[in-house]
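Asker: turn this into a structure:
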Amino acid sequence: MGKVVAESLPPDLYDLLGNRDLEKKANKVIVFTTIDEDGFPRHGMLSTYEIFAKDTKKLVMILYATSKSTQNILRSGKVSFVVVDEDISYYIRAGAIQGPPLDSSPSEIFFEITVRDVINDKQPLAKITSGITFGGYPSKMKESRLKVFSELLTR
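Answerer: Okay, the predicted model is just below:
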């Protein structure tokens, strides 16, 4: 059972989400959840090219403009994240507002995320050995993601 530990990102979580060195975290996946109009949760996954911690209270992320998750966030102003990696397990509950359009990716919506609280679900007797990862982007898509990520860093 997790417990609320902060209203901002703890250092180890900030180190992961705020790290600008994409080569270190390029294959990591962050799970997010929104709530559909019928009250059911809708889950999605982000690469670390699509979410970034500006500081311990503010994150930025992008989602495709046409996705149901995007519509849910625009309607509710809420999103939560599950961040699991080696030896960490956190849930982030956050508010979200639409930011200005991205020049580098007009088909995506830019969100400004404000951390409301962070729940630590690390269990001493159940050591986490890895998080969710993916095989990485093909080179052309990786170039596109890097361009978008660079723009996120300036927001």
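Asker: tell me which strands the top strand by length along the chain pairs with, and in which orientation.
Answerer: When the chain is parsed with DSSP state E, its longest strand is strand 108-120. Strand 108-120 pairs in its sheet with strand 3-6 (antiparallel), strand 58-64 (antiparallel), strand 88-98 (antiparallel), by DSSP bridges.
Asker: and of those strands, who's closest to Lys24?
Answerer: Judged by Cβ to Cβ, the one of these that comes nearest to Lys24 is strand 88-98, at 14.7 Å. In this view, the C-beta of every residue, glycine as well, is placed from N, C-alpha and C.
Asker: pull that closest one out as PDB, backbone CA atoms only.
Answerer: Once non-C-alpha atoms are left out, strand 88-98 reads as follows in PDB (Å, rounded to 0.1, in the frame of the first residue of the first chain):
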ATOM      1  CA  ILE A  88      11.500   2.900  -7.400                       C
ATOM      2  CA  SER A  89       7.700   2.800  -7.600                       C
ATOM      3  CA  TYR A  90       5.800   6.100  -7.600                       C
ATOM      4  CA  TYR A  91       2.300   7.300  -8.600                       C
ATOM      5  CA  ILE A  92       1.900  11.000  -9.400                       C
ATOM      6  CA  ARG A  93      -1.500  12.700  -9.300                       C
ATOM      7  CA  ALA A  94      -1.500  15.900 -11.200                       C
ATOM      8  CA  GLY A  95      -3.400  18.700 -12.800                       C
ATOM      9  CA  ALA A  96      -3.000  19.400 -16.500                       C
ATOM     10  CA  ILE A  97      -3.700  22.400 -18.800                       C
ATOM     11  CA  GLN A  98      -3.200  22.700 -22.500                       C
END
